[in-house]
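> need coordinates for the below:
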Amino acid sequence: MKKTTSVFWWGMGIVIAFLIWGSIPESLLPNGNVNNVTTVIQDFLVDRFGWFYLITATLLLGFAFFLIFSKYGKITLGKPEDEPEYSYISWFAMLFSAGMGIGLVFWGASEPLNHFNSPPSVVDEARTAEAGTTAISYSFFHWGLHPWAIYATLALAIAYFTFRKRSSGGVISAILEPVFGKRVFGPLGKVIDIIAVFATIFGVATSLGLGAIQISGGISYLFEGIEPTFTTELLIIVIVTVLFIGSALSGLDRGIKILSNANIIFAVLLMLAVLLLGPTNFILDSFVTSFGQYVQHLPEWSLRLTPYDTDNSWIGDWTLFYWAWWIAWAPFVATFIARVSKGRTIREFVTGVLLVPTIFGAIWFAVFGSTAINMEYFQNIDLFSDISALGEEVGLFAMLTQLPGGMILSVLALLLIATFFITSADSATFVLGMQTTNGDLNPSKTVKLIWGLVQSATAAILLWVGGEDGLGALQTASIIAAFPFAIILILVVISLIITLKKEAQRLNLDNTPKQSTKKTED
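Got it, this is the predicted structure:
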């Protein structure tokens, strides 16, 4: 295949080896099966290095805000004359769809309900007014500024080195040249890129499997006689695979752009419907109160652990898990965001990537989470029992069916899940193509086709072998990759600081008495 690198073959080898390992029955490998081993490693990392995940995510958030207000904000991601390729609406739609669209649909009602019934230790009692506000606030926290700061920092570095420095910025290793010099083009760089591909493949394959589980669970919840079996999930994966590969092969300007715009339309329609049909005034009051609590406690929660409460696993199960998961997803999401962001200034880029999805996500959780909590707190509708018995995937449908026109809303939700499912997988094939062809901005259709099939096959095989346990092993393996990649992210910050300082001197952004800097950019 044209332009494929050794990273392509290493990535393929890792997937095949992991699938062989994951396919070995637990009876044949009781202590060394993939689920047990990955869980032990992940538990060790969270227990011993939870502080490191918190510091890394908070450092990246602080760096993102620094860039917005710094002198570097006026630098363009590209030549001075470069204009953005996509309108604001299409740009926001694409970065949001790739970033966490399907996750918001999956967790929009279920996560706040979980926190309401099993709150963090900052709340004294479950199922109270305080627990309700904190449940929404912590959902804002987990899906807000921190994950998007992680994405924004790496995406900025990739876009800067790709479009302004004209390096092979499409691969992670190339943006570390200011730190390591030419060594990044040798074995060291290959290891860095393989870690990125490892996290991307397993993270996206997990999402494909979980997406299939949610669609299957939603259909079985809504329509009697349809069971959420492996056959149903496999059929969903096959259909979605055909659709997202077709979209991926059609290119950015057709497939991903059109579907991303459709995602936003469907999401806004569903959100407005729930806002108007649900307890509207309660939702708005809840949003204002919870957002105020989020802003007030942001510094505290950003560095919150429980060293004196050794039996408390809440932060490890939720916050630390999310921080590791967002870091693991960073190579995929950041590479795609960078690819569609040419021509924007650093200030415009970081502001857009950091604030717009955060605000939209907060509104989303306020609408769906507050509606679900209102049903439990005021209407005595026990939605949490459905989640406990049938899984997190039915939380959204359990809530929607209690509203007027619930069946119509549920069908719209299924359609939204499917389109987010397609765009996430579509974006991933594009990103994996870039990462394994030395940063080619337009990887060949053959490479994208292969990665599309590999992702779907990985999800299908692990669903067949172990169901959600099999996907859990895949997810845990992806998160394990977050630990070394967190170190890489810190090095990315150092690399950016070194490079931006040199660029500021060259462009005289300090406004020292030199010749005019107008039109001096490359």
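> contacts and neighbour counts: CA atoms only from here.
Noted.
> for the helix or strand where A157 lies, packing partners?
Secondary structure assignment for A157, by DSSP states H and E: helix 145-159. Contacts defined by 3 or more C-alpha pairs under 8 Å, 6 or more residues apart in numbering; DSSP states H and E place helix 145-159 against helix 34-69, helix 321-339, helix 346-377, helix 482-507.
> figure out which of those is closest to N442.
helix 321-339 (9.8 Å; C-alpha to C-alpha).
> roughly how far is that closest one from the heart of the chain?
Its chain's C-alpha centre and that of helix 321-339 lie 6 Å apart, by C-alpha atoms, centre = their mean, to the nearest Å.
> contacts for it, please.
46, 53-54, 57, 94-95, 98-99, 142, 147, 150-152, 154-156, 158-159, 170, 172, 196-197, 199-200, 203, 427-428, 430-432, 441, 478-483, 485-486 (C-alpha atoms under 8 Å, 6 or more residues apart in numbering).
> same check, this time on stretch 280-289
133, 136, 275, 362-363, 366-367, 370-371, 374.
> nearest to L403 among those residues?
Looking across the contacts of stretch 280-289 and measuring by C-alpha to C-alpha, the closest to L403 is T371, at 9.6 Å.
> doesn't L276 make contact with the closest one?
No: using C-alpha atoms under 8 Å, T371 is not in contact with L276; the gap is 10.7 Å.
> comparing the two, which shows the higher neighbour count?
T371 (26 against 12; other C-alpha atoms under 10 Å).
> how about the nearest residue to W451, chain neighbours excluded?
Of all residues not flanking W451 in the chain, T429 sits nearest, at 5.6 Å (C-alpha to C-alpha, 6 or more residues apart in numbering).
> how many other residues sit next to the one you found?
There are 31 residues near T429, going by other C-alpha under 10 Å.
> list the contacts for it?
So T429 contacts 248, 448-449, 451-452 (C-alpha under 8 Å, 6+ apart).
> which element, helix or strand, includes it?
Counting by DSSP H and E, T429 is found in helix 406-435.
> for whichever helix or strand comes after that helix, which outside residues touch it?
Proceeding N to C from helix 406-435, the next assigned helix or strand is helix 445-466, under DSSP H and E. Contact partners of helix 445-466, identified using C-alpha under 8 Å, 6+ apart, comprise 1, 4, 15, 19, 22-23, 201-202, 204-206, 208-209, 230, 234, 237-238, 241, 245, 248-249, 425-426, 429-430, 432-433, 470-471.
> how close does the residue nearest to I89 when sequence neighbours are not counted get to L95?
For I89, ignoring the flanking residues on the chain, the nearest one in space by C-alpha to C-alpha, 6+ apart is N261 at 7.7 Å. Per C-alpha to C-alpha, to the nearest Å, N261 is found 11 Å from L95.
> more neighbours, those two?
L95 (25 against 18).
> how close does the nearest residue to L496 once chain neighbours are set aside get to W318?
The shortest distance from L496 to any non-neighbouring residue, by C-alpha to C-alpha, 6+ apart, is to A157 (6.5 Å). A157 sits at a distance of 28 Å from W318 (criterion: C-alpha to C-alpha).
> more neighbours: these two, which one.
A157 (25 against 16).
> so which helix or strand of this protein has the lowest pLDDT on average?
Lowest on mean pLDDT, DSSP states H and E among the helices and strands of the chain sits helix 468-480, with a mean of 70.
> tell me the first helix or strand C-terminal of whatever helix or strand S260 lives in.
Using DSSP H and E, S260 maps to helix 257-277. Of the helices and strands lying after helix 257-277 in sequence (DSSP H and E), the nearest is helix 280-302.
> next structured bit after that following helix?
helix 314-315.
> state the mean pLDDT of that next one.
For helix 314-315, mean pLDDT rounds to 93.
> please apply the same query to stretch 75-92.
Stretch 75-92 comes out at a mean pLDDT of 88.
> in that stretch, what's buried?
By 16 or more other C-alpha atoms under 10 Å, the buried positions in stretch 75-92 come out as 75-78, 80, 84, 86, 90-92.
> now find how far off-centre stretch 181-192 is within its chain.
Taking mean C-alpha positions (C-alpha atoms, centre = their mean), stretch 181-192 and its chain are 26 Å apart.
> show residues contacting that stretch.
So stretch 181-192 is contacted by 6-7, 172-174, 176-177, 488 (C-alpha under 8 Å, 6+ apart).
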